[in-house]
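Trainee: coordinates only, sequence not included:
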């Protein structure tokens, strides 16, 4: 047992790919410490890759890429610009609004952060916003992507925890809206404090024109979320519909997407999916051995000797997720931790859907924390603003996100209210 | 390029391209099948019995073969933060050891995967009644063999740290997985 976990951690921290670290330690353990056939490792890896739920991953990643390539993000930006108009710090509100709209179609933070940031940061800098603030805001607002459904993170969590993707998507809705509202509040406060410039006055003709131009894009979330929440299609099928709709809009309606763009888009999403899937496959083998070898009772006892309070346990887990988030990629943290935590959550009476939302929010903060914070890197990469400059403007956003994380942890109803109202409708 | 590279170059490039094309094709095919299934269920009122099973096993091939190509491009998710803090010689030694571990792992999976395919001969998939071992389990040894080849290629080129690659012309951008 100690060999299994110790070897995995050692290999991972020494820089072996996470998937291989899990698979190799599982193989070594099976050969040296059990009388199981080593063929079990091969079988479990195959079984771990066989999942209808995870098939939603390439679809939602693809839909997001198609949306970016077809310039749908820019149309949504134009709409938000026209509607928000004049108030002080208006462009900051535009960033929040665009990220929210994009989040309803795309399930990943990083690709949309690059797409939105590469238009909004130069626009904000040109209007006289500090570029570090512009990049920091774009990074913080991008965390909405995987909280507001659809969400790649929830798909991963669902497949390792056994929770329903549809329920997780519903559970993320109110927290996502709250995240948007709190980000707006922070922006308003900073805009007043620093005297940020006002936007252009509203113009009815531009509002109508931008609305017309964005209408096909606005229909996309209606199809995706309506299909899932209405119980018409599974989340995987909704992903495929999103791809089809994105193609129709990009190739047919907007004509901004070209057939020859598609192979590169398909390849990028395929690679990103495969990297996650190989971790999933190896983790399923690793997790199988953990559940076989670890006495769940003793493991729960370990936690219970630390604390009997659900609140303190949640704080401990949040701390663990945030610490891991500083150096590890979020999906991997979910894949490794969730199977270990499931019996503990059950023993403390924590709902797995509620915990999924808290987990996802914690991972989003991890995307913003150095030394390894992918959102910081992506914004620095696409806008040329150094990470150090971005970090100088992150403090209010960190504070806001941590407050939100604690609210989500201690007010389960924020996540669960919609789920309880949904009945058994979800597929 | 050394002599060996030139000899293998043509074949290796062909495998690279074939792998990419396979991945692109599978990705498009999976989306098409799921869409087709929705169409049959809602428009033709006639649910397909085979589509879920077929697309699931395609996804297994897609994931495992794809992970070999991710290995080729060294884009597997890992924690590089600590290794990069090591002194250069130690860093290189650790990277070499980890790369060797990856080789051994894929060599083992190739053999074990093939044995498992043999072990499960005669089983069939539930809807299509196709040989389960060939349509499902065979993905692992095939993909692992490809991964092993790419892992060994890294040894032939001797590229383990940034330092090893910095004197070469930059590799072509393969699209960047992130």
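Mentor: Yep, it's here. Remember, it's a predicted structure, so these values are computed and weren't measured experimentally. Numbers count the residues shown, from 1 in each chain, chains lettered A, B, ... in the order given.
Trainee: list the buried ones in stretch A:205-217?
Mentor: Within stretch A:205-217, the residues scored as buried using 16 or more other Cβ atoms under 10 Å in any protein chain shown are A:206, A:210, A:213, A:214, A:216, A:217. Heads up, the C-betas are built off the backbone N, CA and C, glycines and all.
Trainee: out of everything not next to it in sequence, what's closest to the closest residue to chain A within chain B?
Mentor: Distances from chain B to chain A, computed as Cβ to the nearest Cβ, single out residue B:66 as the nearest residue at 2.7 Å. Nearest-residue entry for residue B:66: residue A:274, 2.7 Å, with adjacent residues in sequence omitted and distances by Cβ to Cβ, 6 or more residues apart in numbering or on different chains.
Trainee: what of residue A:329?
Mentor: Of all residues not flanking residue A:329 in the chain, residue B:77 sits nearest, at 5.0 Å (Cβ to Cβ, 6+ apart).
Trainee: which residues of chain B score low on pLDDT?
Mentor: B:1-8, B:166-178 (pLDDT under 70).
Trainee: SS state for the residue of it positioned farthest from its centre?
Mentor: Computed with Cα atoms, centre = their mean, the residue of chain B farthest from its C-alpha average is residue B:45, at 37.4 Å. Using DSSP: H, G, I helix; E, B strand; the rest coil, the structure places residue B:45 in coil.
Trainee: distance of it relative to residue B:54?
Mentor: 20 Å (Cβ to Cβ, to the nearest Å).
Trainee: may I ask which helix or strand of chain A has the lowest mean pLDDT?
Mentor: Considering only helices and strands, the least confidently modelled element of chain A by mean pLDDT, DSSP states H and E is helix A:296-306, at a mean of 85.
Trainee: name the residues that touch that helix?
Mentor: Contacts with helix A:296-306, where a contact means Cβ atoms under 8 Å, 6 or more residues apart in numbering or on different chains, come from A:312, A:313, A:316, A:340, A:343, A:344, A:347, A:348.
Trainee: ok, stretch A:369-376 next?
Mentor: Stretch A:369-376 is contacted by residues A:109-110, A:113, A:139, A:142-143, A:322, A:325-329, A:366-368, A:387, A:390-391, A:398, B:79, B:81, B:178 when judged by Cβ under 8 Å, 6+ apart.
Trainee: span of it from start to end?
Mentor: Across stretch A:369-376, the terminal residues are separated by 8 Å (Cα to Cα, to the nearest Å).
Trainee: quick one: buried residues of that stretch?
Mentor: Neighbour counts using 16+ other Cβ under 10 Å place A:369, A:372, A:373, A:374, A:375, A:376 of stretch A:369-376 among the buried residues.
Trainee: nearest to chain B among those residues?
Mentor: Lowest distance from chain B to the buried residues of stretch A:369-376 (Cβ to the nearest Cβ) belongs to residue A:372, with 5.7 Å.
Trainee: residues contacting residue A:292?
Mentor: Per Cβ under 8 Å, 6+ apart, neighbours of residue A:292: none.
Trainee: just residue A:355 next, same as before
Mentor: Listed by Cβ under 8 Å, 6+ apart, the contact set of residue A:355 reads A:317, A:341, A:345.
Trainee: ok, those residues vs residue A:258, which is closest?
Mentor: Distance from residue A:258 was checked for each of the contacts of residue A:355 by Cβ to Cβ. The minimum falls on residue A:341, at 45.7 Å.
Trainee: from memory residue A:43 sits against residue B:116, does it?
Mentor: Yes - using Cβ atoms under 8 Å as the test, residue A:43 is close enough to residue B:116 to be in contact (5.5 Å).
Trainee: quick one: which of the two has more around it?
Mentor: When residue A:43 is set against residue B:116 and neighbours are counted by other Cβ atoms under 10 Å in any protein chain shown, the residue ahead is residue B:116, at 24 against 19.
Trainee: which strands or helices does the helix or strand containing that one pack on?
Mentor: Element membership of residue B:116 [criterion: DSSP states H and E] is helix B:88-119. Taking 3 or more Cβ pairs under 8 Å, 6 or more residues apart in numbering or on different chains; DSSP states H and E as contact, the helices and strands that helix B:88-119 lies on are helix A:18-33, helix A:39-49, helix B:139-157, helix B:162-166.
Trainee: list the buried residues in it.
Mentor: When burial is assessed from 16+ other Cβ under 10 Å, helix B:88-119 yields the following buried residues: B:91-92, B:94-95, B:98-99, B:101-114, B:116-117, B:119.
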